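[1] sequence first, then the predicted structure, then my questions.
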Amino acid sequence: MLPNRVLMILADGARWDLFRELISQGRLPHIAEALPHLYKGVTAFPSTTGPAYMPYLTGCYPGTCNVPGIRWFDRKEYAKPLFFRKPLRKFRSYVGAETFFITHDMRADIPTLFDLIPNSRNIFNSVSRGARSNPTWFSRIWHWYYAHLTDHWRLVDKAAGEKTLAALKDRPEFLFVVFPGIDEHSHLSSPFHPETVQSYIDLDLAIGQITRQLKKTGGWEETVIFIVSDHGLSKTDNHLELHSLLEKAGIDTLFYPKVVFRSGFKAACMISGNGMAHLYFKNEGARPVGGWREKTAWEELSQRKDRIIARLLERKEIDLIAGQKADGSIVVRSRRGEARISLASNISYTIRGSDPFGYPPLPSQISDRESLELTFKTDYPDALAQLLQIFRSPRSGDLILSAAKGHDLRWHYEIPEHKSSHGSLHWEHMQVPIVTNVPLPDRPIRSVDIFPTVLSLLGQKIPGTIDGVSLA
């Protein structure tokens, strides 16, 4: 018999390895009993709040959804004559009030689970397009603002649990709930701080309350529960103010929060999770169509007199740099080496010198799923497919940077200081737990696979143009 309800809890910032360790130590007893199936998954790049929610809700990557980060710059919109621009679409930061725009910025033709499952509820999630019931649409900002000022993120998690219990009384077919405490306490301290660990335990207590209510009301047997995460986090020891590095190289740069009344800049710096960044460069007219109207290709960036690619790679805080060539292929470079990635029927992977990711030898032609399987247990799981998808977005940068472990790319304007970061392609940011009460195949899982799996479990038709595959 098919279940008739799915509850998906997004434990923002939960690390796969810490989740497994706490379960093995017996510190998450309610989760261990009610949700006995724990899997290692890989999230989407950039591994950051908001964009990395989208795979669970759409089955599509952030690049496919055209939301390539929590901050981005839309060069084509900015290049329009002043009176034809959409002022609120030139650039974006989903930190603060602009989070209300995130669903409007997604590709309009991509349906969400809320669109496909009419009897749905949404709690504390900004990616809410199609939700028939979204009671925390505005109160979410109040809860986040209060917790930001007081550091009382346990209060928000408690509210998430209470609102989940209330919503389940209406027997929705799909309920999506965000618990933000793990992420926020990790940023304030570390992923392994006692306050962070307590957020995992608070989530476990909430699961205990949820399962007791479902069993009492007779809804347990018909309910599938997933606990998922959008990213892990790693401890941050050093910060690089990336826009300052560009300006010291003589490049006038647009960056948040200093975006008001700015003009004449030559570059834009947009950082997500502090562990990755999009860099956009004004094309100075080397081609007939110059300015901001189209991307600046890797070939042009590598020939700049300011040696910007080399300057960036000289910094210990920067691990990987990727850009797109004029033919659409992707170049990725690190201090280890360089490679070229392209996609036709299969992924083509060509190494120049040594492998930039430090991968063991890979076939030069590889299928999408083979690339996941062969890189799943490395330091950069699924990086080939993830770079291909992020450059799919017209809003992606000319250069995309992934920070080195222990470092991030933002300093003076991150208040309070982040003691942990995410966003990069490193396994500590990309590996996520997937915990459920239904068995799934024992194979590598992507976050985009959960969307079609939910639809399969509910007996719903799966859209044909998604990036994930059903596990059910």
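    Thanks, I have it. Numbers count the residues shown, from 1 in each chain.
[2] dihedrals phi and psi, Val228?
    phi -130, psi 170 (degrees, to the nearest 10).
[3] quick one: Leu168 from Leu175, how far?
    For Leu168, the distance to Leu175 (Cβ to Cβ, to the nearest Å) stands at 7 Å. Every C-beta, even on glycine, is put in place using the N, C-alpha and C of the backbone.
[4] when those two are compared, which one has more neighbours?
    Neighbours per residue, other Cβ atoms under 10 Å: of Leu168 and Leu175, the larger number sits with Leu175, 25 against 19.
[5] residues contacting that one?
    Counting by Cβ atoms under 8 Å, 6 or more residues apart in numbering, Leu175 makes contact with 5-8, 120-123, 164, 167-168.
[6] shared neighbours, Leu168 and Leu175?
    Common neighbours of Leu168 and Leu175 (Cβ under 8 Å, 6+ apart) are Leu7.
[7] can you tell me how far the residue nearest to Arg89 when sequence neighbours are not counted is from Asp109?
    Nearest residue to Arg89, sequence neighbours excluded (Cβ to Cβ, 6 or more residues apart in numbering): Glu77, at 4.9 Å. Distance, Glu77 to Asp109, by Cβ to Cβ: 19 Å.
[8] before we move on, the earlier item: look up the pLDDT of the residue nearest to Arg89 for me, please.
    pLDDT recorded at Glu77 is 89.
[9] just the CA trace of the helix or strand where it lies, in CSV.
    Following DSSP states H and E, the helix or strand that holds Glu77 is helix 75-79. Coordinates of each C-alpha in helix 75-79 appear next as CSV, following Å, rounded to 0.1, in the frame of the first residue of the first chain:
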residue,chain,number,x,y,z
ARG,A,75,24.7,40.8,-16.1
LYS,A,76,22.1,40.8,-18.9
GLU,A,77,19.6,42.6,-16.7
TYR,A,78,22.2,45.2,-15.6
ALA,A,79,23.3,45.7,-19.2
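[10] in that helix, what counts as buried?
    Neighbour-count burial for helix 75-79, counted by 16 or more other Cβ atoms under 10 Å, picks out 75, 77-79.
[11] so which of these is the closest to Val224?
    Closest approach to Val224 among the buried residues of helix 75-79 (Cβ to Cβ): Glu77, at 40.5 Å.
[12] how near is that closest one to Arg293?
    10 Å.
[13] cool, and Lys266?
    On the measure of Cβ to Cβ, Lys266 and Arg293 end up 15 Å apart.
[14] try Ile434
    Distance from Ile434 to Arg293, by Cβ to Cβ: 41 Å.
[15] more neighbours, those two?
    Ile434 (26 against 14).
[16] pop out the phi and psi values for that one.
    phi -130, psi 110.
[17] so what pLDDT did Gly358 get?
    Gly358 is given a pLDDT of 97.
[18] likewise for Glu195?
    On the pLDDT scale, Glu195 gets 96.
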